[in-house]
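*Asks:* sequence below, structure please.
(chains A and B)
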Amino acid sequence: MLLISCPNCGERSEGEFTYGGPVQAPRPNPLETSDEDWVDYLTTVPNPLGPVQEYWWHAAGCGRWLSLWRDTRTHDIVEPPHGL
Amino acid sequence: MKQRYSVFSLVRNAFSSHENWSKAWRSPPLKPAYDVIIIGAGGHGLATAYYLAREFGITNVAVLEKGWLGGGNIARNTVTIRSNYMRDESIPFYVKSVEMFEGLTRELNFNMMHSKRSMIDVVQTYGRLRELRRRQLAMDIHGATYQQITTQELRRRIPALTGGGANARLPIIGGMVHTDAAVNRHDAVAWGYARGADSHGVEIHQQTEVTALIRGGDGAIAGVETNRGTIRAKQVVVAVSGHTTTLTETAGLRLPLRTMNLTAFVSEPVKPLIDVIVNCPDSGFYLSQSDKGEMVIGGAPDRGQSFRRDIKQHVFEDSVSMMLSLFPAFKKLKLMRQWGGHLDIAHDSSPIMSLTDVAGLIVTAGWWGGYKAIPAGGLTLAHLVAKGTPHPLMAAFTLNRFKSLDYVMESGTTTAR
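*Replies:* From the prediction side, this is the model:
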């Protein structure tokens, strides 16, 4: 069980949160971007063996969206990698 | 085939205290180059090697496995074989796979302990019932078996199902029977295919971990880097469920996959109690009883990407509490083991079997529930490797579908809620 630190409520159990998917690059303007980049944006998400940044929603709590870094190998919440 | 297994070979070997059985597969020395390298000696990798040799005569093949044969995902599934899918593209493929599974014991001369015992979907919401009725009509077209039954019939066929009455939060409102569904022994599938491939000359190398893919000067695939040195090949097949992106990224290839963890657990063995596969899509769990008497229970995937091979406490608790709402008597069962396996899921929840932008590099991935797909998956992948064009059954499942946004949206999976 993860303890997720909500900016409003402090440390709360993972069960109160809804997973919101990995954080992606910002949505490009489909009229200005190339077909390849648009398809890439629609279908490809980061899938690292290690830390990944993702969204969680404190659905059964204050309703706040937050993002955190989680290691996909251990499920531990970790510090963002250097440079990010 | 070196030695044939039969009642006579059993009797003959009994006279020498079973000490003279020949090995089921060899451990030959590693060569510096092969025609085809298959990464991953799981179900799909081994089946592909077998059909490459048997159907297409390509035998200069190495199957590389970082652990041991049959120790990856094929050891971590819940052995359910079925073809109750939803899309016109998917159903014929799974119908073919279920058919091939039925003849596998005879073909490979290896006892798969195949048990065709039906799957019953326990339906608890009207939305689900409509969806499954729609699936029934789609499947009627393609010759898969799927029928609606009444609640009375459902309770008669699963006496242990005592929950889900009129006063339950989710009362049972009906059921669907899929008579083609079966279970068999997962180790036997891995070992049978390994033995079959080996007897045709394919080499299987265990404890050989591929650390990177190598591309030549022209950009095409040139071989693989392993913990036992470099091995060259003009064609490399990635069949490593879960770790596909980790490996393809070493060749600069990004794929629309995310890696998830799927949970299963097993109870202590009890006397025969349930003779079908019970699937409860509204509650998000499924179970069957193994030949040893254990209840084999599968749950929903973890939330978020995961490369862990254990299971998460609250995913486990979710599945157990939903199970107890339908099977209250199981509260007394002790659970013996729990495990998780990784799978990669594509953007549209359908498998990917495809050539890639890297010439000579072929991937098979995105098999949510790839166990049931092993025979037809191996056959169609061997076709792709040998001929360079997709097998008709898998033509809709190449990477091109992402480029043309022609997705095969499929949630024909047991626990997809």
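*Asks:* ok, now which ones touch B:V266?
*Replies:* B:290, B:294-297, B:335-338 (CB atoms under 8 Å, 6 or more residues apart in numbering or on different chains). All C-beta atoms are positioned from the backbone trio N, CA, C, and that covers glycine.
*Asks:* repeat that for B:L343.
*Replies:* B:73, B:241-242, B:259-260, B:262, B:301, B:367-370.
*Asks:* same question for A:D71.
*Replies:* A:50-52, A:77-78.
*Asks:* what's opposite it in the beta bridge?
*Replies:* Beta-bridge pairing for A:D71 (DSSP bridges): A:P51.
*Asks:* and the pLDDT at it?
*Replies:* pLDDT for A:D71: 93.
*Asks:* from B:V270, how far out is it?
*Replies:* Counting by CB to CB, to the nearest Å, the gap from A:D71 to B:V270 is 39 Å.
*Asks:* how about the residue in the stretch 301-417 of chain B that chain A sits nearest to, what does it touch?
*Replies:* Going by CB to the nearest CB, chain A is nearest to B:R303 of the stretch 301-417 of chain B, at 3.7 Å. Going by CB under 8 Å, 6+ apart, B:R303 touches A:18-19, B:315.
*Asks:* change it to 7 Å
*Replies:* Residues near B:R303 by CB atoms under 7 Å, 6 or more residues apart in numbering or on different chains: A:Y19.
*Asks:* what are the ranges of the strands in chain A?
*Replies:* Assigned by DSSP state E, chain A shows strands spanning A:3-6, A:10-13, A:18-22, A:51-57, A:65-71, A:77-78.
*Asks:* which of those strands sits most buried?
*Replies:* Comparing those by mean neighbour count (mean count of other CB atoms under 10 Å in any protein chain shown), strand A:51-57 comes out on top with a mean of 19.
*Asks:* packing partners of it?
*Replies:* strand A:18-22, strand A:65-71 (3 or more CB pairs under 7 Å, 6 or more residues apart in numbering or on different chains; DSSP states H and E).
*Asks:* need those in CSV (columns: distance to B:E153).
*Replies:* CSV is the format used below for these (distance: least, CB to CB, whole Å):
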stretch, distance to B:E153
strand A:18-22, 37
strand A:65-71, 46
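*Asks:* between these, which one is nearest to B:W191?
*Replies:* Taking CB to CB, strand A:65-71 is the member of the helices and strands packed on strand A:51-57 nearest to B:W191, at 34.9 Å.
*Asks:* just the C-alphas of the closest one, formatted as PDB.
*Replies:* Extracted in PDB, the C-alpha atoms of strand A:65-71 (Å, rounded to 0.1, in the frame of the first residue of the first chain):
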ATOM      1  CA  TRP A  65      -5.100  16.300  -8.800                       C
ATOM      2  CA  LEU A  66      -1.400  15.800  -8.100                       C
ATOM      3  CA  SER A  67       1.600  14.300  -9.800                       C
ATOM      4  CA  LEU A  68       4.300  12.200  -8.400                       C
ATOM      5  CA  TRP A  69       7.300  10.100  -9.400                       C
ATOM      6  CA  ARG A  70       7.000   6.400  -8.900                       C
ATOM      7  CA  ASP A  71       9.500   3.600  -9.500                       C
END
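*Asks:* okay, the angle between it and strand A:18-22?
*Replies:* In terms of direction (axes from the mean of the first three to the mean of the last three CA atoms, to 10 degrees), strand A:65-71 departs from strand A:18-22 by 70 degrees.
*Asks:* where exactly do the helices run in chain B?
*Replies:* All helices of chain B, identified by DSSP state H, fall at B:7-14, B:43-56, B:91-102, B:104-108, B:126-142, B:151-157, B:186-199, B:244-248, B:313-326, B:374-387, B:400-403.
*Asks:* about what we covered before: tabulate the strands of chain A in CSV, adding columns for distance to B:S97.
*Replies:* Shown next, in CSV, are the strands of chain A (distance: least, CB to CB, whole Å):
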stretch, distance to B:S97
strand A:3-6, 41
strand A:10-13, 41
strand A:18-22, 31
strand A:51-57, 33
strand A:65-71, 35
strand A:77-78, 40
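*Asks:* what about these, which gets the closest to B:L379?
*Replies:* Closest among those, once you apply CB to CB, is strand A:18-22, at 34.6 Å.
*Asks:* and the residue most central in space within chain A, how close does it get to B:V123?
*Replies:* With distances taken as CA atoms, centre = their mean, A:E54 lies nearest the centre of chain A, 0.9 Å away. Noted for A:E54: a distance of 33 Å to B:V123, by CB to CB.
*Asks:* before we move on, back to that, which one of the helices and strands packed on strand A:51-57 lies closest to A:R12?
*Replies:* strand A:65-71 (10.8 Å).
*Asks:* the closest one vs strand A:51-57, what angle?
*Replies:* 150 degrees.
*Asks:* residues making contact with the worst-scoring helix or strand of chain A on mean pLDDT?
*Replies:* In chain A, the helix or strand scored least confidently by mean pLDDT, DSSP states H and E is helix A:35-43, which has a mean of 89. The set of residues external to helix A:35-43 that reach it, using CB under 7 Å, 6+ apart, is A:25, A:27-28, A:30, B:256, B:347, B:402-403.
*Asks:* what two of the contacts of B:L343 are the furthest from one another?
*Replies:* Maximum distance among these (CB to CB): 15.2 Å, for B:T259 and B:G369.
*Asks:* redo the helices of chain B as a markdown table? Include mean neighbour count and distance to B:Y286.
*Replies:* A markdown table is the format used below for the helices of chain B (neighbours: other CB atoms under 10 Å in any protein chain shown; distance: least, CB to CB, whole Å):
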| stretch | mean neighbour count | distance to B:Y286 |
| --- | --- | --- |
| helix B:7-14 | 11 | 35 |
| helix B:43-56 | 26 | 19 |
| helix B:91-102 | 21 | 16 |
| helix B:104-108 | 17 | 22 |
| helix B:126-142 | 15 | 14 |
| helix B:151-157 | 15 | 15 |
| helix B:186-199 | 24 | 16 |
| helix B:244-248 | 22 | 25 |
| helix B:313-326 | 18 | 9 |
| helix B:374-387 | 24 | 19 |
| helix B:400-403 | 17 | 28 |
